[in-house]
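Trainee: no sequence on this one, just coordinates:
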């Protein structure tokens, strides 16, 4: 295996762990602000990945995706939230569940700004490296700006995928938990019945559909890179 392939795999895995840590710590931090310190007292309001990683979702499954050449995403151990301790369980429950993906989208925004800055600083070669990385095309690894642009583009795409996966409206994923709070009681009861199977359905849906759902993101980022 070439050094560039090893570099790419390692960087993507580390970026995934960062995205998972951002996601789960945002849940813990928001729950603490809303009155439930459970996750914080368990040490989950931290970016330390060792507090959040799940063997299957953070290592084995991402390794399988990398081997297959699929866009990388994964999951960590959910931050524990006791909704009964929240000051306003309905509203605060939605805020806590939304916080993880909103934090990932914030990182996506920072990464996008950094891509623009680096393209303007490093010039056309950096633009080419960023576009080739975004499109999963070979050739970027031979450019001097490859390490920086690869890292920033993958930072953006991994956080976009983690946010999109968690917002799939199936419990126990965040999107499903939000839906349970917002739907009328009879609809919520029907959706709650999916909970035992929701996670696996969500994983299958993410593998099959999320890359297509993210086409607008790839298109937007491509335009940003081209016009930087």
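Mentor: Looks like it arrived, so ask away. Keep in mind that what you see is a predicted model, and the values were worked out from it rather than measured.
Trainee: Now do the helices in the chain.
Mentor: 3-33, 38-41, 55, 61-68, 89-122, 124-134, 146-166, 174-182, 185-192, 195-213, 215-226 (DSSP state H).
Trainee: most tightly surrounded among those helices?
Mentor: helix 146-166 (a mean of 24; mean count of other CB atoms under 10 Å). In this view, the C-beta of every residue, glycine as well, is placed from N, C-alpha and C.
Trainee: Could you check the angle that one makes with helix 61-68?
Mentor: 120 degrees (axes from the mean of the first three to the mean of the last three CA atoms, to 10 degrees).
Trainee: i'd like the first residue to be 111 from this point on
Mentor: With 111 as the first residue, the last one maps to helix 256-276.
Trainee: thinking again about what came up before, so which of the helices of the chain comes closest to residue 188?
Mentor: helix 113-143 (7.2 Å; CB to CB).
Trainee: now for the closest one, which elements pack on it?
Mentor: helix 148-151, helix 171-178, helix 199-232, helix 256-276 (3 or more CB pairs under 8 Å, 6 or more residues apart in numbering; DSSP states H and E).
Trainee: quick one: it to helix 199-232, angle?
Mentor: Using the same axes, to 10 degrees, helix 113-143 lies at 150 degrees relative to helix 199-232.
Trainee: avg pLDDT for helix 113-143?
Mentor: Helix 113-143 comes out with an average pLDDT of 92.
Trainee: per-residue pLDDT, the residue nearest the centre of the chain?
Mentor: The C-alpha lying nearest the average C-alpha coordinate of the chain belongs to residue 272 (CA atoms, centre = their mean; 2.1 Å). Predicted confidence (pLDDT) for residue 272: 92.
Trainee: pretty sure it is touching residue 131, no?
Mentor: No. Assessed by CB atoms under 8 Å, residue 272 is found out of contact with residue 131, at 10.5 Å.
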